[in-house]
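Chemist: Sequence and predicted structure below; questions after.
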Amino acid sequence: MDATDARILLALAVDPRATVVALAEQLSLSRNTVQARLVRMEQGGALGSFERRISPKALGQPLTAFVTAQVNQQQLAEVSQALADIAEVVEVFGLSGETDLLVRVVAADAEDLYRVAGQILAVRGIERTTTALAMRELVPYRLTPLLRRAAEGR
């Protein structure tokens, strides 16, 4: 990714619905340049899913919790698939250290969270879990500071 790619992504961060023509005009680039770079970034994985912009609250899932799990390493693939099959599991990260997985879940309320945590604990290969309720989001997911730095060529 170069500074031009970062400028395109910054413009999209401000206006995700901007057309290729609008981006080209705003950035003083040709339409073909913007289109080609967007295609390349999308194919290369630089542009993620639209889902990240949807708030779980809008879907009736206002609670966020983080479940750490210790797993039987020989069953990691099966555990990952089983977690992916639980709708309330929105992200799973493999970790280094004593904890193997960090599972981000959403829930409607405390009772729903209890149910989801039970589903996770019941997954074959998960040996132990710990659940922590997110009380408040202090720094939302963001990449704009990194994009600004990249756009400046630093």
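Modeler: That came in fine, so what should we check first?
Chemist: Val71: what's it in contact with?
Modeler: Neighbouring residues of Val71 by C-beta atoms under 8 Å, 6 or more residues apart in numbering: 79, 100-101, 125-127. (Glycine included, C-beta is placed from N, CA and C.)
Chemist: May I ask which of those residues has the most neighbours?
Modeler: Within the contacts of Val71, Val79 tops the neighbour count with 24 neighbours, counted by other C-beta atoms under 10 Å.
Chemist: Any figure for the gap between that residue and Thr131?
Modeler: 16 Å (C-beta to C-beta, to the nearest Å).
Chemist: next one: Leu27
Modeler: Taking C-beta to C-beta, one finds Leu27 at 45 Å from Thr131.
Chemist: now the helices for this protein?
Modeler: For the chain, the helices defined by DSSP state H occupy 3-14, 20-27, 31-43, 76-84, 110-122, 144-151.
Chemist: Helix 20-27 and the third one, what's the angle between them?
Modeler: Using axes from the mean of the first three to the mean of the last three C-alpha atoms, to 10 degrees, the interaxial angle of helix 31-43 with respect to helix 20-27 works out to 110 degrees.
Chemist: rewinding a little: what's the closest of the contacts of Val71 to Pro145?
Modeler: Leu101 (27.8 Å; C-beta to C-beta).
Chemist: Residue nearest the middle of this structure, spatially speaking?
Modeler: Arg52 (5.7 Å; C-alpha atoms, centre = their mean).
Chemist: residues contacting that residue?
Modeler: Contacts of Arg52 were listed using C-beta under 8 Å, 6+ apart, and they are Tyr141.
Chemist: so which of the contacts of Val71 comes closest to Arg154?
Modeler: Closest approach between the contacts of Val71 and Arg154, by C-beta to C-beta: Leu101, at 34.2 Å.
Chemist: What distance do you get for Ala58 to Val14?
Modeler: Distance of Ala58 to Val14, given as C-beta to C-beta: 21 Å.
Chemist: Ok, Leu76 next?
Modeler: From Leu76 to Val14 the distance is 39 Å (C-beta to C-beta).
Chemist: And the two? Which one has more around it.
Modeler: For Leu76 versus Val14, neighbours defined as other C-beta under 10 Å are more numerous around Leu76 (14 against 10).
Chemist: isn't that one right up against Gly125?
Modeler: Yes. Counting by C-beta atoms under 8 Å, Gly125 is a contact partner of Leu76 at 7.3 Å.
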